[in-house]
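Peer 1: from the sequence below, what's the structure:
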Amino acid sequence: MARTSSTNSSNLSSKIGGTLFGGIFFAFGFGFFLAFIGTALSDRVAMQNWQPLQATLTNVKLERNYSDGSTTYKATATYQFHYQGQNYHGNRVSLHAGSDNIGGYQNDMHNRLKRAFSSNRPVTVWVNPTNPFESVIDRSVRWSMIIFPGLLCSVFMIIGGVIVYYSWKKKAEADPATVSTTPWLAKEEWSPTGINSNNKMVLGLWWFGALFVNTISSPILFQMPKALSRGEYGILVGLLFVAIGFFLIYKAIQKTLEQQRFGRVPVILSPFPGQIGGRVAGHLDFQQQLDKTSKFKLSLKQMRTVVSRSGNKTTTSTSSVWELNGQGTLKSGINASRVYFAFEVPESMEESRTDDGSGYWWSLEVHGDMPGIDFKRSYEIPVFNTVSRAEDSSASSSSSVVLSTNVSSSSSSQPSDVVTAKPQTDFSNQLENFLDIQQLADGILIKQAAGKQKMAVPTAIFGFLFGAIGIGIGFTGAPLIFPIVFSAFGFLFGAIGINMLITGYETYIDQVGISHKVFRLGKERKHLVWSKEGLLGLCLKEGGSSSSGAKTTEYFDILLQNADGEKINISNGIEGRQAANQLLDSLHMLTGITINKEYKSRLQLKKEQMNRE
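Peer 2: Numbering: from 1, shown residues only. Purely as a prediction, here's the structure:
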């Protein structure tokens, strides 16, 4: 009871803290909205019935304010006018208060008033008929003064609102008994009757990203005409951020249209849950008839999330550890359609996590290519080793009846023409084309010739193109920092790509130690000799990825590490995790060197060593 009370108290404190933190963001955004936008718009509505009168200017001035390296301007004036037999004075020039440097409004207004003042010409002012002491020269709304502050305020209010919402929407902890016996029922979103996608969350992220980036880039559009007229061509660099903002708007609109076209499309697993060492199969339910030419590609991925904490800092990283691609089979009725799918899952895979912390989880990604808006959704689905759980349960209790009912492997509900995607299990041919492994009398020799890495050419091309863009920016008159940073970044990547093309490796491992040589352009550039004493072992390290349509290909390096965190690259750029794991297992069998589950940097190893001490 005490533990429950403590947990409830902790949850309440977390909710209150989140509410206060989010409330500060929301209040900050809302306060600025009222100050900079609400006041101006309400004043404009109040001025709707104000009357125009001729006024005489008595003073005109352009104020300049300097702050943080930028200059803002404000056109000021005093004037007098005659209304209903009395003389009145005014000094309000614009609907919007304060100084700014958005566009050329302030300078243009000053020039206009200065010309009128110099030639002793009257100007039109708008006067409140119920209170003639209130007047203004320009009552028009400057939308540049509405859009940018409005976007900025919206960002703060959205962030605050989301923090408050999720502070109170925290999921209840799963029942330990359920997690132990039927973990596929531990999450309320995992339902045998249908699992929804994360599309609404993705839609919200696209719109928030569009709002955030366009908030930052919108002032560039207002400043650009004035800057170009002064010959400040460096502002053209800002078009990159404007283009990113427009792209995000395009993607957000595209995602919105997709949501409106298809609505909620649940995936129904049969069997439920998906089975490790068996099948992940089922169908997607569309509440409409789809075009018969539609083609569906599906990817079943096992993902891994690692949450690490260091002091007050929490870091979350997510990566794909396994992927299998398949085709969907479309069956359409008059008012509905179904897309059937089936995957075969190896026995060695990890089960789904039952919370949102560290662990493995399974993602089903669906891409429907069809006339009009395409269908793109992602689902987190439960995949478990139900067979071994049922066997363990039957050995200890009668709950096996419940288990076998929940995880029935019947696939009779699927049409006979559904093709089951099966994983490739032997990558020997791929590895033989990539590496040359020779078994010698005293050990093994592993050779990777130069130019074997598929990412080498794309990396080099990307780098040199980016570097060329950086040089081009230098001819636009942009500040020197931009061409330096862009070209340095680009040529660095280009050099990395070239290095990948010309570098080869040769590693000899025997009972005593390791001899490792690095070759560039066929010449030996480095030679390391390690003893087997102090070795941490073999491990995989992610070396990048490439995407083509809905398919993502990962590349891995196989490393040897010692206790000091030093590493030897035995092989670089192996295509696919399964192929890399097969090579890793083969090297372990041939050399007897242990396999580490993950690569650890020198910093990580030092921290672990300090913690042990």
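Peer 1: quick check: the residue of the chain most remote from its centre vs Gln54, distance?
Peer 2: For the chain, the residue at maximal distance from the C-alpha centroid (Cα atoms, centre = their mean) is Gly85, at 66.4 Å. According to Cβ to Cβ, to the nearest Å, Gly85 stands 15 Å off from Gln54. The C-beta positions use only the backbone N, C-alpha and C, and glycine is treated the same way.
Peer 1: now swap in Glu380 and tell me
Peer 2: 69 Å.
Peer 1: which element is Leu605 on?
Peer 2: Using DSSP states H and E, Leu605 maps to helix 602-612.
Peer 1: Asp291 in helix, strand or coil?
Peer 2: At Asp291 the chain is in coil, as set by DSSP: H, G, I helix; E, B strand; the rest coil.
Peer 1: to which secondary structure element is Leu205 assigned?
Peer 2: Using DSSP H and E, Leu205 falls in helix 199-229.
Peer 1: helices or strands up against that helix?
Peer 2: Contact analysis of helix 199-229 by 3 or more Cβ pairs under 8 Å, 6 or more residues apart in numbering; DSSP states H and E lists helix 144-168, helix 239-262, strand 375-381 as its packing neighbours.
Peer 1: buried residues, stretch 156-167. List them.
Peer 2: Applying a neighbour-count criterion of 16 or more other Cβ atoms under 10 Å, the buried positions in stretch 156-167 are 156-160, 162-164, 167.
Peer 1: turn those residues into a markdown table, including distance to Pro458 and pLDDT.
Peer 2: Below are the buried residues of stretch 156-167 laid out as a markdown table (distance: Cβ to Cβ, whole Å; pLDDT from 0 to 100):
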| residue | distance to Pro458 | pLDDT |
| --- | --- | --- |
| Phe156 | 40 | 80 |
| Met157 | 42 | 82 |
| Ile158 | 37 | 80 |
| Ile159 | 36 | 80 |
| Gly160 | 42 | 79 |
| Val162 | 37 | 77 |
| Ile163 | 40 | 76 |
| Val164 | 44 | 77 |
| Ser167 | 43 | 72 |
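Peer 1: out of the helices and strands packed on helix 199-229, nearest to Thr78?
Peer 2: Smallest distance to Thr78 across those (Cβ to Cβ): 22.7 Å, for helix 144-168.
Peer 1: and the contacts of the closest one?
Peer 2: The contact list for helix 144-168, computed with Cβ atoms under 8 Å, 6 or more residues apart in numbering, reads 14-15, 17-19, 21-30, 32-33, 36-37, 40-41, 96, 100, 102-103, 105, 208, 211-212, 214-215, 218-219, 222.
Peer 1: report the buried members of the residues you listed.
Peer 2: 15, 18-19, 22-23, 25-26, 29-30, 32-33, 36-37, 40, 96, 100, 102-103, 105, 208, 211-212, 214-215, 218-219, 222.
Peer 1: among those, which are in strands?
Peer 2: The strands, defined by DSSP state E, take in nothing from the buried ones among the contacts of helix 144-168.
Peer 1: phi first, then psi, for Leu113.
Peer 2: phi -70, psi -40 (degrees, to the nearest 10).
Peer 1: excluding chain neighbours, give the residue nearest to it in space.
Peer 2: Distance criterion Cβ to Cβ, 6 or more residues apart in numbering; nearest residue to Leu113, sequence neighbours excluded, is Val60 at 4.6 Å.
Peer 1: could you point out which element follows the helix or strand bottoming out on mean pLDDT in the chain?
Peer 2: Every helix and strand of the chain was ranked by mean pLDDT, DSSP states H and E. The lowest is helix 400-406, at a mean of 40. Under the assignment DSSP H and E, the closest C-terminal helix or strand after helix 400-406 is helix 428-434.
Peer 1: enumerate the positions of that following helix that are buried.
Peer 2: 430-431, 434.
Peer 1: Glu380 and Gln54: which has the busier surroundings?
Peer 2: Glu380 (20 against 12; other Cβ atoms under 10 Å).
Peer 1: in the sheet, who's paired with the more buried one?
Peer 2: Ser363 (DSSP bridges).
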